[in-house]
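**Student:** Have a look; sequence and predicted model below, questions after that.
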Amino acid sequence: MSFKIVFSDIDGTLLNSQHKLLSSTIEAVRQLYNNGIIFVPVSARMPKAIAPLIDDLRIAAPIISYNGALILSADRNVLFSKKLSGQDCRSILRKIHSLWPQTIVNYYCDDDWYVEDITAAPVKAEISITGAIPLEMSFTDLLTGGILPHKLLCMCPPAVCSQMETVLSAAYEQLTIIRSSPTLLEIIDQSISKAHAVNFFLKLCGVSADESIAFGDNYNDLGMLASVGTGIAMGNAPQEIKDAAAKTTASNDDDGIYNALQELGFLSV
């Protein structure tokens, strides 16, 4: 079976631990592109935090953002969009502020990122990582104005993040609430996941799951890795992710994507 599409998570997978593209990764993705294989970044990031990476790769590529809540074509037309309801947003924001008042919440709508305190240290760290700049605005005002989010992102210490995931998941079965790192908690509609996005994109392109590959390193990648013909965990992934994947490659600092694609016969030396 020949492969036609390669999906890849970004942070911890496509990028190294310094949030940079390795030269080997650029070379691997360029060879895929030149050989007519579609490369699709799949991330919890917003589109404008993904697009510069595609430019650095020097390819044309679609974008799966917000874990699949917003999917764009290579020419940036909207292929799929699913936002949270105003009722769910108001309720969960009240609960977060009540139970975990120190949590930093981020509000993402289309290609805009909103925060209520742009000076917060975790927000500044996210700016340095993604290069995107948030807008400072009251979430209440956004909801009153009908500006609904594709995603809410909570920033908090690991123990708090784990507790929030447990408590909020039990209280809001209509939402998907999952950690994308030890300190980041993603909140999206229950129908949305990287697996759903991969299946949507495969159907759109008329490609079977067996003809696709995916790379990932964290818990929100599990469904995606299981939805393709060959799911590949990075060497830096938790053991649970490695155990669930079909293959494990080297880490994101050690040419993991390049090595896996070379082993599968995609790359010329």
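**Tutor:** Perfect, thanks for sending it.

**Student:** Run through the stretch 1-150 of the chain and note the low-pLDDT ranges.
**Tutor:** Applying pLDDT under 70 to the stretch 1-150 of the chain picks out residues 1.

**Student:** ranges for the strands of it?
**Tutor:** 5-8, 38-41, 63-65, 70-72, 78-81, 104-109, 112-115, 135-136 (DSSP state E, counting those that start in this stretch).

**Student:** So which of those strands is the most surrounded?
**Tutor:** Counting by mean count of other C-beta atoms under 10 Å, strand 63-65 has the highest mean neighbour count of the strands of the stretch 1-150 of the chain, with a mean of 27. Placement of C-beta: from N, CA and C, glycine included.

**Student:** Show residues contacting that strand.
**Tutor:** The contact list for strand 63-65, computed with C-beta atoms under 8 Å, 6 or more residues apart in numbering, reads 7, 40-47, 50-51, 54, 71-72, 76, 150, 194, 197-198, 201.

**Student:** Of the residues you listed, grab the buried ones for ChimeraX.
**Tutor:** To isolate the buried subset of the contacts of strand 63-65 in ChimeraX, counting by 16 or more other C-beta atoms under 10 Å, use the following:
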select :7,40,41,42,43,44,45,46,47,50,51,54,71,72,150,194,197,198,201
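
**Student:** Inside helices: which ones of the contacts of strand 63-65?
**Tutor:** 51, 54, 194, 197-198, 201 (DSSP state H).

**Student:** out of those, which one sits closest to L168?
**Tutor:** K194 (19.4 Å; C-beta to C-beta).

**Student:** Contacts only, for that closest one.
**Tutor:** By C-beta under 8 Å, 6+ apart, the residues touching K194 are 9, 42, 64, 67-68, 216, 220-221, 223-224, 227.
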